[in-house]
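# prediction below, plus the sequence it came from.
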Amino acid sequence: MIITQKRELSRLLENVENYRSFFLIGCSECATLCGTGGEEQVKELTGVLRGKGKEVTGGIVARTGCQVLGTKKELKEHKEALDKTECILVMSCGAGTQSAVEIFEDKAVYPTNDSLFLGNMTRFQMFDERCSLCGECILDRTGGICPVTNCPKGILNGPCGGMQDGKCEVSPDINCAWVRIYERMKKIDRLDEMRETVLDAKSWSKGQKPAALSTREKKEKK
Amino acid sequence: MSFRETLESGKFTVTAEVGPPKGTAIADMIHHMELLKGKIDAVNVTDNQSAVMRICSLSVCKIAMEQGLEPILQMTCRDRNRIGLQSDLLGASVLGIKNVLCMTGDHVSAGDHKDARPVYDLESVQLLKTVDSLNNGRDLGGNEMKGATAFFQGAVVTPEANPLEPQLMKFEKKIRSGARFFQTQAIYDIEKFRGFMEFARKFPVKILAGLVVLKSAGMANFLNNYVPGIKVPREFIDELKEAGKENALDTGLSITARHIKQLKDEGVCDGVHIMAIGMEDKVPVILERAGLL
């Protein structure tokens, strides 16, 4: 999921100081799990804005905020409130914010969160990053642990000289990705493969921005 | 004899290190180079060591040549992508730089520009492959070049790494990727180092033992606590303590000299790489005490 974090309220208020009326859009997926854009947070921000003398015309928790057409449909029944709104606040990720920008061509749209990373949820509201969406997966070569993401240097061929007792030179809170890969390869009896494999320089063109993908069959196109 | 010829002849080879300064004042650095001239086989020029921004290694290698020293261009993958690295390698080649030491490089979080974007488009193993490719007339994209490089390329290994096996696997990968010589992370325990050399001798590469000069017991403790891959045995810390504050540095120089002499006399490895870290002027004293001058 996409991990988000609330921005400083002062920054948000500075962003929107020239607007009087707001409509809030949360998201029932990642932002709800992150505690940044669920029912509770939409209610909370509504209260904060009203406390600052602002008008809040309404708000929803979109089912999937990055799904442009679906979100547009969900917003239809709020047309009246939206017509009276100057500014949309999006309480999900950068993708959700840009859905709103597409939907509301002539309204101001601001994010209430910073989007941090693609994360795994390890405990309630605890997340860590395991995949960088690099465009070309190498997990088949590295025992299922991604060094592009888990090693701060993204090294593809073994631990660097900064590894100390299995920890990373960047922080003792980081376990060396290559020691983890080594331990895993040992457990699944693939150490010989690890010794033999030299991974070539990665093709970063596979992750070139902005990425786009269509898997629609041609016949579906109108 | 060049650094490469010296190593390949089987003669015990000595390299030292010069760290380029931050800023354009290079008088001290040139003075250090003058002191080293004629006393060592080659000088490593570090590449923004510890991720602290300084004069680039390439320029200082050129200055070293003008001062009559043969440089080893240290090259990390932290600050340049594959285009930048290859371009600098070609530049080094036409300036007459013959040796390159390929490293991944300390992370920017260790340095003085912590908000910099770390590059790591390549890493040490891939940089070695790149040098090998340039030596064979092709760039990393497979494009043929007009004129190949002729580098003597080396790499780094940490014999005291814990756990050791993944480090040794990487050592093998570096050799398969073209490394011809290794300069090790600092070692102090010669007996343990012998164990590493037993493994390393299976491969057709030259090994120079890395030696970091101890200035005090405090520094030794710092290395043990904060620098990955370095283990200073208790006996040396005690020796430095007993020497007292005033004589600690002199004792540290003697310890390094003793190690050089032992490594050479007992034929443990092919040479030494002395990292004096800010005390380049003491290198001649060390060499004298080791019986190499």
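Sure thing, it's come through.
# A:Gly119 versus the residue of chain A found nearest chain B, what's the distance?
Across chain A, the shortest distance to chain B (C-beta to the nearest C-beta) belongs to A:Gly158, at 3.2 Å. Where C-beta positions appear, they are placed from N, C-alpha and C, glycine not excepted. In this view, A:Gly158 and A:Gly119 are 26 Å apart by C-beta to C-beta, to the nearest Å.
# tell me which of those two has more neighbours.
A:Gly158 (31 against 19; other C-beta atoms under 10 Å in any protein chain shown).
# quick one: residues contacting the more buried one.
Going by C-beta atoms under 8 Å, 6 or more residues apart in numbering or on different chains, A:Gly158 touches A:Trp178, B:Val125, B:Pro166, B:Gln167, B:Met169, B:Lys170, B:Lys173.
# among those residues, who's most crowded?
Greatest neighbour count in those, by other C-beta under 10 Å, goes to A:Trp178: 28 neighbours.
# backbone phi and psi for B:Gln226, please?
Let me fix one detail, which is that residue B:226 is Tyr and not Gln. phi -120, psi -10 (degrees, to the nearest 10).
# where's it relative to chain A, distance?
9 Å (C-beta to the nearest C-beta, to the nearest Å).
# OK, contacts around residue 54?
I went with chain A, as the question did not name one. Contacts of A:Lys54 (C-beta under 8 Å, 6+ apart): A:Val16, A:Tyr19, A:Arg20, A:Ser21, A:Phe22.
# actually it's chain B I care about, not the one you picked
Here B:Arg54 is in contact with B:Gly19, B:Pro20, B:Pro21, B:Lys22, B:Asn48 (C-beta under 8 Å, 6+ apart).
# try it again with 6 Å
Contacts were defined as C-beta atoms under 6 Å, 6 or more residues apart in numbering or on different chains; by that measure B:Arg54 touches B:Pro20, B:Lys22, B:Asn48.
# any of those residues buried? List them.
Buried subset of the contacts of B:Arg54 (neighbour count, 16 or more other C-beta atoms under 10 Å in any protein chain shown): B:Pro20, B:Asn48.
# for chain A, what's the longest strand?
strand A:113-123 (DSSP state E).
# chain center to the next helix or strand after that one: distance?
Remark: after strand A:113-123, the chain's next helix or strand is strand A:126-129, criterion DSSP states H and E. Offset of strand A:126-129 from its chain centre (C-alpha atoms, centre = their mean, to the nearest Å): 11 Å.
# same question for stretch A:98-114.
Per C-alpha atoms, centre = their mean, the centroid offset for stretch A:98-114 relative to its chain is 16 Å.
# likewise stretch A:51-67?
In terms of C-alpha atoms, centre = their mean, the centre of stretch A:51-67 is set 19 Å apart from its chain centre.
# ok, stretch B:77-86 next?
Between the centre of stretch B:77-86 and the centre of its host chain there is 19 Å, according to C-alpha atoms, centre = their mean.
# can you list the domain ranges for chain A.
Chain A breaks down into these domains under automatic domain parsing: A:2-116, A:133-200.
# quick one: average pLDDT of the shortest one?
Just to be clear, that refers to domain A:133-200. The pLDDT scores in domain A:133-200 average 97.
# can you pull the pLDDT of the residue nearest to the spatial centre of chain A?
Nearest residue to the geometric centre of chain A (C-alpha atoms, centre = their mean): A:Ile2, 2.6 Å. pLDDT, A:Ile2: 98.
# which residues touch A:Ser21?
So A:Ser21 contacts A:Glu55, A:Thr57, A:Thr85, A:Glu86 (C-beta under 6 Å, 6+ apart).
# number of nearby residues for the last one?
Looking back up the chat, that one is A:Glu86. Counted with other C-beta under 10 Å, A:Glu86 comes out at 16.
# how close does it get to A:Leu75?
From A:Glu86 to A:Leu75 the distance is 16 Å (C-beta to C-beta).
# with B:Ile255 instead?
Separation of B:Ile255 from A:Leu75 (C-beta to C-beta): 74 Å.
# for B:Lys245, same thing?
74 Å.
# who has more neighbours out of the two?
Between B:Lys245 and A:Leu75, A:Leu75 has the larger neighbour count (other C-beta under 10 Å), namely 20 against 11.
# where's the more buried one, which helix or strand?
Using DSSP H and E, A:Leu75 sits within helix A:68-76.
# helices or strands up against the longest helix along chain A?
Secondary structure of chain A per DSSP state H: the longest helix is helix A:39-51. Under the contact criterion of 3 or more C-beta pairs under 6 Å, 6 or more residues apart in numbering or on different chains; DSSP states H and E, helix A:39-51 touches strand A:21-27, strand A:55-62.
# redo those strands as TSV? Include mean pLDDT.
Output for the helices and strands packed on helix A:39-51, formatted as TSV (pLDDT from 0 to 100):
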stretch	mean pLDDT
strand A:21-27	98
strand A:55-62	98
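# where do the helices sit along chain A?
Counting by DSSP H, the helices of chain A are A:9-15, A:30-34, A:39-51, A:68-76, A:79-83, A:94-103, A:147-150, A:177-187, A:191-196.
# pull up the gap between the residue of chain A positioned farthest from its centre and A:Gly143, please.
Ranked by distance from the centre of chain A (C-alpha atoms, centre = their mean), the top residue is A:Asp192, with 36.5 Å. The gap separating A:Asp192 from A:Gly143 is 13 Å, by C-beta to C-beta.
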